[in-house]
Every structure is written in C-alpha cells, then in structure tokens.
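Enquirer: generate coordinates for the sequence data below:
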Amino acid sequence: MYEDISKAIHASITYYSVVMGGYNARLGKRSGAELRVGQFGYGQRNERGQMLADFMEKEGLFMTSSFFEKRPHSK
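Expert: A predicted model of the protein is given here:
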C-alpha cells in the first residue's frame, strides 16, 4: 500500500500533497530525533504506527495534528 501511495505522490505535479486515510496506526508521541511527528500525539505507538512513521520520514510528510496541543476531551 505504501508503495502505491509513494507512486501517486511522485506522479502528481503539485506543490502540496495531503495523504489521508485510516491506517489502523497509532503514532503516539515523537520518539528520539524524529521530525515528522509532533510531541502532542496520543497513546502508544504500535507496529503499524512505526511503519507509517518510517514512510513519512522517507517521503518528507508530516503528521500535522500531532504538532498542536488539544484539550483532553478532544483527543
């Protein structure tokens, strides 16, 4: 699936790319020196979350919702 998304990103001629969907991935908070995931993620990272984080690093994508603090009832 990630290969197909990567092909679609590189085939399009746009300035911004938005990749959305349900990946059954929990990214959690930033771990180590990651730059693509923010410090306000929710929960613990699972295996699919690590795959998504690796894909985002490779493609230069950001998990934008994790860069902004949310109220506890909004998580």
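Enquirer: could you list the residues in contact with stretch 49-56?
Expert: 2, 5-6, 23, 25-28, 34, 36-37, 45, 61-63 (Cβ atoms under 8 Å, 6 or more residues apart in numbering). The way it works is simple: take the backbone N, C-alpha and C, and place the C-beta from them, glycine included.
Enquirer: may I see the buried residues of it?
Expert: Going by neighbour count (16 or more other Cβ atoms under 10 Å), the buried part of stretch 49-56 is 49, 52, 53, 55, 56.
Enquirer: in helices, which of those residues fall?
Expert: Of the positions in the buried residues of stretch 49-56, 49, 52, 53, 55, 56 sit in helices, assigned by DSSP state H.
Enquirer: can you name the residues bridging to the spatially most central residue of the chain?
Expert: By Cα atoms, centre = their mean, the chain has its centre lying nearest to residue 63, at 3.8 Å. Residue 63 forms beta bridges with residue 37, as assigned by DSSP bridges.
Enquirer: show me what contacts it?
Expert: With Cβ under 8 Å, 6+ apart, residue 63 has these contacts: 27, 36, 37, 38, 41, 53, 56.
Enquirer: who wins for neighbours among those?
Expert: residue 27 (26 neighbours; other Cβ atoms under 10 Å).
Enquirer: mind checking how far that one is from residue 63?
Expert: Distance of residue 27 to residue 63, given as Cβ to Cβ, to the nearest Å: 6 Å.
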